[in-house]
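Student: Sequence and predicted structure below; questions after.
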Amino acid sequence: MNLAKISANGQITVPLEIRRKLGLKSGDKILFLQNQNGESVVSNASAAAIQKTQTAFAEAAEAMGGSSEDDIQALVDEVRYGKGR
């Protein structure tokens, strides 16, 4: 169990074990979410954003019929340059 105390300014120090597990470094941002059970969850905001973006790209590629890395690159090139590679 890891415990943190809230300062008078509302600040907390994230315990070292949790920082390591989340891959947090000085200056990183953390994301507080509430799940369906009402529990609060803390995650690395950068990692969460990257995962969300990867999921969105995968879904868009699948919707456009792409499956391989070459298919994905061709779709990116088409959007970026208006043509395939």
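Tutor: It's in.

Student: quick one, longest helix in this structure?
Tutor: helix 45-63 (DSSP state H).

Student: Next secondary structure after the worst-scoring helix or strand of the chain on mean pLDDT?
Tutor: None of the helices or strands of the chain scores lower by mean pLDDT, DSSP states H and E than helix 45-63, at a mean of 75. Next in sequence after helix 45-63, counting helices and strands by DSSP states H and E, comes helix 69-81.

Student: now the angle from that following helix to helix 45-63?
Tutor: Computed by axes from the mean of the first three to the mean of the last three Cα atoms, to 10 degrees, the angle separating helix 69-81 from helix 45-63 equals 100 degrees.

Student: before we move on, back to that, got a list of contacts for the longest helix of the chain?
Tutor: Residues from elsewhere that reach helix 45-63 (Cβ atoms under 8 Å, 6 or more residues apart in numbering): 22, 23, 28, 29, 30, 31, 67, 71, 72, 75. Quick note: C-beta positions are derived from backbone N, CA and C, even for glycine.

Student: same thing but at 7 Å, please
Tutor: Contact partners of helix 45-63, identified using Cβ atoms under 7 Å, 6 or more residues apart in numbering, comprise 23, 28, 29, 30, 31, 72, 75.
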